[in-house]
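**Student:** Only the shape, not the letters, is given here:
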């Protein structure tokens, strides 16, 4: 019997990791911090800031979310975790070793109307790239202003 199943790439932005392969391979597991901002011309919006280091205390990977559900709704956090799980598998593959990581979500925000779950996957990949190469893409001053406006708006909606 000849069954065909079509596969799809759920992580289309993973191609960006090509630009940081050598930096990941050379990484000594010291703490790295990166941020990613995604905005599409259709106003999709996501901001993520993460910290990655070797997990010295545990026998497994650890994700620490330092944001409240109001600051980062669960559906967006789940997409961030999904992207980070992909990165962990990718890291093991290109380094050829299994090291447990501690990854913290230290900042982030969304637009109450214009954010989609997929936006957070893209922003997370950008944050990972920024951890290993600050020169790939930097957040502009106008983007930083938009991030602060969204944070303030979200805070006021839940106050």
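**Tutor:** That came through, no problem. What you are looking at is a predicted structure, and each value in this text was computed from that prediction instead of being measured.

**Student:** What are the phi and psi values at the residue positioned nearest the centre of the chain?
**Tutor:** The centre of the chain sits closest to residue 124, judged by C-alpha atoms, centre = their mean, with a distance of 1.7 Å. The phi/psi pair for residue 124 (degrees, to the nearest 10) reads phi -70, psi -40.

**Student:** Tell me who's in contact with it.
**Tutor:** By C-beta atoms under 8 Å, 6 or more residues apart in numbering, the residues touching residue 124 are 36, 48, 50, 79, 80, 83, 84. The way it works is simple: take the backbone N, C-alpha and C, and place the C-beta from them, glycine included.

**Student:** and the closest residue to it other than its chain neighbours, how many residues sit next to it?
**Tutor:** Take residue 124 and drop its neighbours on the chain: the residue closest to it by C-beta to C-beta, 6 or more residues apart in numbering is residue 83, 3.9 Å away. Applying other C-beta atoms under 10 Å, we find 25 residues neighbouring residue 83.

**Student:** Please enumerate residues in contact with the helix ranked longest in the chain?
**Tutor:** Ranked by residue count and defined by DSSP state H, the top helix of the chain is helix 74-95. Contact partners of helix 74-95, identified using C-beta under 8 Å, 6+ apart, comprise 11, 14, 17, 21, 24-25, 27, 46, 48, 50, 61, 63, 65, 67, 72, 98-99, 101, 103, 105, 108, 110, 115, 117-118, 120-121, 124-125, 128.

**Student:** Just the buried subset of those, please.
**Tutor:** Neighbour-count burial (16 or more other C-beta atoms under 10 Å) applied to the contacts of helix 74-95 gives 11, 14, 17, 24, 27, 46, 48, 50, 63, 65, 67, 72, 101, 103, 105, 108, 110, 115, 117-118, 120-121, 124-125, 128.
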